[in-house]
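> My questions are about this predicted structure, shown below with the sequence.
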Number of protein chains: 2
Amino acid sequence: MINIAIDCMGGDNAPLAVLDGCVQAFSLLPDDVHLLLFGDAWQIARYFREKPELSERFSLFPTTEEISCKESPTLAIRRKKDSSLVRALGAVAAGEAEGLLSAGSTGAVLTGATLIVKRLAGVQRPALAPLLPTVNGGHVMLIDCGANTDSKPTFLQQFALMGDAFFKGVMEVEEPRIALLNNGAEEEKGNELTKAAYQLLKQTKGINFIGNIEPRDVLFDEADVIVCDGFEGNMLLKTAEGTAEAIFALLKEGLSSSLLAKTGAALVMPALRALKSRLDWKEVGGAPMLGVNGIVVKAHGSSDARAICRAILQTESLIRGGVVARIAENISALTLE
Amino acid sequence: MINIAIDCMGGDNAPLAVLDGCVQAFSLLPDDVHLLLFGDAWQIARYFREKPELSERFSLFPTTEEISCKESPTLAIRRKKDSSLVRALGAVAAGEAEGLLSAGSTGAVLTGATLIVKRLAGVQRPALAPLLPTVNGGHVMLIDCGANTDSKPTFLQQFALMGDAFFKGVMEVEEPRIALLNNGAEEEKGNELTKAAYQLLKQTKGINFIGNIEPRDVLFDEADVIVCDGFEGNMLLKTAEGTAEAIFALLKEGLSSSLLAKTGAALVMPALRALKSRLDWKEVGGAPMLGVNGIVVKAHGSSDARAICRAILQTESLIRGGVVARIAENISALTLE
């Protein structure tokens, strides 16, 4: 039996998109997965009134507060004890659920996971670790993407061990390729942080460290796990997003510049749309937060039902892959060295 | 009279692409611009033998050494006194040329400019400052893009003053919009460096500081000058490059996925090609290195004749715009505060 806590009130389209996503997930999840729905009882009960066949698939936990993206994450987590997020995190902390999904405020999810679910023994900093699509249809994990700025080299070493645990447990890759995000391929390249992290990673036992990777190679399937400071990871995601948007904007303009181009555009549009969705990292589902004592997955705030459904399936696969236990093992091996 | 020193032996296609670029530039430059060509005398003389009509447009300075991208920049600059780059930099230092263009090793150009041309009084760190194309056909300067890692907040403050001088002098923008590259729009966002730099920039007199800019907005004409640490700027350039390459690779694949798409692809190809060259920041010309006592422009190593020609025209406009004097003035005003 697997229990997944769902923050039904988090996200731009909550609770409707979240509930629709749960319904989609029910049709894909095995019967031994039970969802614990935290949120406004009246709205959730009304939503499921017409779906009596699903009544055994979930439990409803009424909550009375919500956390918005505009609040200070720390204050919100400390004060709003009856918010859907804090209660859902509490269920994971208490062992009533193995994992949690939220599309709410990233800051609140990160802070809440650290304060309530708590770090695994030996973990210096939990990290946010989305999977990005690569050009050949694979995935690469970028860890950390925003939980920590001004990282120390040892944080990056631990991120490598966390990403390694994920790829071994969930993706069943035997020797995940771990790379360090840097501004040059050579060992001596980088700033103070990446130079020191390179030396640490080179000495870390049990991982397959393949050296530096430059940002231009990130999407070309050259590594499974790319470790970086959270500021860098966040900047990389936002740069890639902005560049893709700029290209699509110019493409649209170029494709309507002449009658010939317009005719061609109508024919290539389906291929372009497919490409756009393939590049969209939100499509992958959510970003797991690794290093805490439970599975915490953050879906994008603008997630629709399909994205929520994928993120729930992803939460399930992180639980079944035993990622928490694997990370604990990797980190304790490091500490014992 | 304006003298521009040309490092004829720098770049992947030197000296031919460089010399072809000079010839293209001669047809566009006014007669008062004279080029000082540094390089292998025999190759250069042979090249111009068939072009006697150009003999009054340049002088030839024979050199016997070359600096490659694989050498340590500092050692190469110190030891190869008769390299085309060191001699060309020497001409700028001696006041025999107002500016210099090189497509050689970025590290050697940066190091050489600092050691030989030398910093302007009060400048803490010179910076590499390419112009990127924006979606609406404009340009944005990203400063620094690789000369400095682990910057201090005061470096970024000076970069702002340098970019400001460039936009006022060369682009004739009255109040250039200066932004700070950061991982969020709000004042309190960022890492230690960007938070401290924000406070400094807010207090800096004489500039129009518009706050933080996120990487996703860089190409959308929201600022004229974007200041950042050189590691960040370099990572941003390389991420944008990699994303564009990934999109074009997938596009090519998608466009040949069906007969309909193939037919359409043939019709849209010209628009796509135009788009690709518009996004290519190398097309803009070179990246000026600001903060030294002369105009130093670094063209991309893979520059062809057209790119060299553009970079020469850019060097001329930096000289005519009085950028060095303007930067000196901005920095001394800061120091006197």
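Received, thanks. Residues are numbered from 1 along each chain as shown, chains lettered A, B, ... in the order given.

> contacts and neighbour counts: CA atoms only from here.
Fine.

> what about the residue in the stretch 1-150 of chain A positioned nearest to chain B, how many neighbours?
Per Cα to the nearest Cα, the residue of the stretch 1-150 of chain A with the smallest distance to chain B is A:Thr149, at 5.4 Å. When neighbours are defined as other Cα atoms under 10 Å in any protein chain shown, A:Thr149 has 18 of them.

> residue contacts, it?
Shown in contact with A:Thr149 (Cα atoms under 8 Å, 6 or more residues apart in numbering or on different chains): A:Asp229, A:Gly230, A:Phe231, B:Gly190, B:Asn191, B:Glu192.

> neighbour-wise, which of those residues leads?
Top of the contacts of A:Thr149 by neighbour number is A:Asp229, holding 27 neighbours under the definition other Cα under 10 Å.

> any idea how far A:Phe159 is from it?
With distances taken as Cα to Cα, to the nearest Å, A:Asp229 is found 9 Å from A:Phe159.

> who touches the helix or strand where A:Trp42 lies?
Taking DSSP states H and E as the criterion, A:Trp42 maps to helix A:41-48. By Cα under 8 Å, 6+ apart, the surrounding residues in contact with helix A:41-48 are A:Pro15, A:Leu19, A:Leu54, A:Ser55, A:Leu60, A:Phe61, A:Pro62, A:Thr63.

> what sits against the fifth one?
Okay, so that is A:Leu60. Going by Cα under 8 Å, 6+ apart, the list of residues near A:Leu60 reads A:Leu36, A:Leu37, A:Phe38, A:Gly39, A:Ala41, A:Ile44.

> Name the SS class of it, please.
Look at A:Leu60: counting by DSSP: H, G, I helix; E, B strand; the rest coil, its state is strand.

> hey, where'd the strands end up in the stretch 1-150 of chain A?
Taking DSSP state E, counting those that start in this stretch as the criterion, the stretch 1-150 of chain A carries its strands at A:2-7, A:33-39, A:58-62, A:99-102, A:127-128, A:131-133, A:139-143.

> Name the next helix or strand following the helix or strand of chain A with the lowest mean pLDDT along the chain.
Least confident helix or strand of chain A, by mean pLDDT, DSSP states H and E, is helix A:259-279 with a mean of 71. Following helix A:259-279 in sequence order, the next helix or strand is strand A:286-290 (DSSP H and E).

> In the helix or strand that that following strand is followed by, which residues are buried?
Reading on from strand A:286-290 to the C-terminus, the next helix or strand found by DSSP H and E is strand A:295-299. Of the residues in strand A:295-299, those buried by neighbour count under the rule 16 or more other Cα atoms under 10 Å in any protein chain shown are A:Ile295, A:Val296, A:Val297, A:Lys298, A:Ala299.

> mind checking pLDDT for the third one?
Same thing as A:Val297. Taken from the predicted model, the pLDDT recorded for A:Val297 is 97.

> I'd say A:Ala129 and A:Asn148 touch.
No - distance between A:Ala129 and A:Asn148: 11.6 Å, which falls outside the contact criterion (Cα atoms under 8 Å).

> which one of these two has more residues nearby?
The residue with more neighbours, out of A:Ala129 and A:Asn148 and counting by other Cα under 10 Å, is A:Ala129; that gives 30 against 22.

> Would you mind measuring the gap between the ends of stretch A:142-149?
Stretch A:142-149 stretches 15 Å from its first residue to its last (Cα to Cα).

> roughly how far out does stretch A:159-171 sit from the chain middle?
When C-alpha coordinates are averaged (Cα atoms, centre = their mean, to the nearest Å), stretch A:159-171 and its chain have centres 13 Å apart.

> what sits up against it?
The contact list for stretch A:159-171, computed with Cα under 8 Å, 6+ apart, reads A:127, A:129, A:141, A:143-144, A:173-176, A:178, A:201, A:207, A:224-227, A:290-291, A:317-318, A:320-323, A:326-327, A:330-331.

> in it, what's buried?
Neighbour-count burial for stretch A:159-171 flags A:Phe159, A:Ala160, A:Leu161, A:Met162, A:Gly163, A:Asp164, A:Ala165, A:Phe166, A:Phe167, A:Lys168, A:Gly169, A:Val170 (criterion: 16+ other Cα under 10 Å).

> want to throw these into TSV with secondary structure, distance to A:Ala91 and pLDDT?
Output for the buried residues of stretch A:159-171, formatted as TSV (DSSP: H, G, I helix; E, B strand; the rest coil; distance: Cα to Cα, whole Å; pLDDT from 0 to 100):
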residue	secondary structure	distance to A:Ala91	pLDDT
A:Phe159	helix	26	98
A:Ala160	helix	28	98
A:Leu161	helix	26	97
A:Met162	helix	23	98
A:Gly163	helix	25	98
A:Asp164	helix	27	97
A:Ala165	helix	24	97
A:Phe166	helix	23	97
A:Phe167	helix	26	97
A:Lys168	helix	27	96
A:Gly169	helix	24	95
A:Val170	coil	23	95
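
> Can you point out the buried residues in the helix holding A:Trp42?
Residues of helix A:41-48 classed as buried by neighbour count (16+ other Cα under 10 Å): A:Ile44.

> Give me the mean pLDDT for that helix.
Helix A:41-48 comes out at a mean pLDDT of 97.

> Next, the angle strand A:33-39 makes with that helix.
In terms of direction (axes from the mean of the first three to the mean of the last three Cα atoms, to 10 degrees), helix A:41-48 departs from strand A:33-39 by 130 degrees.

> CA atoms of helix A:41-48 as PDB?
This file holds the C-alpha atoms of helix A:41-48, laid out as PDB (Å, rounded to 0.1, in the frame of the first residue of the first chain):
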ATOM      1  CA  ALA A  41     -13.600  19.800   2.200                       C
ATOM      2  CA  TRP A  42     -16.700  21.300   0.600                       C
ATOM      3  CA  GLN A  43     -15.200  21.900  -2.800                       C
ATOM      4  CA  ILE A  44     -13.500  18.400  -2.900                       C
ATOM      5  CA  ALA A  45     -16.600  16.600  -1.700                       C
ATOM      6  CA  ARG A  46     -18.800  18.400  -4.300                       C
ATOM      7  CA  TYR A  47     -16.200  17.500  -7.000                       C
ATOM      8  CA  PHE A  48     -16.300  13.800  -6.200                       C
END
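
> re the thing from before, just give me the least confident of the contacts of helix A:41-48.
Among the contacts of helix A:41-48, A:Ser55 carries the weakest pLDDT, at 93.

> Quick check: closest non-adjacent residue to it.
Residue nearest to A:Ser55 in three dimensions, not counting chain neighbours: A:Phe48, with 7.8 Å by Cα to Cα, 6 or more residues apart in numbering or on different chains.

> Could you pull up the contacting residues of A:Val218?
With contact set as Cα under 8 Å, 6+ apart, A:Val218 has these partners: A:Thr134, A:Val140, B:Gly242.
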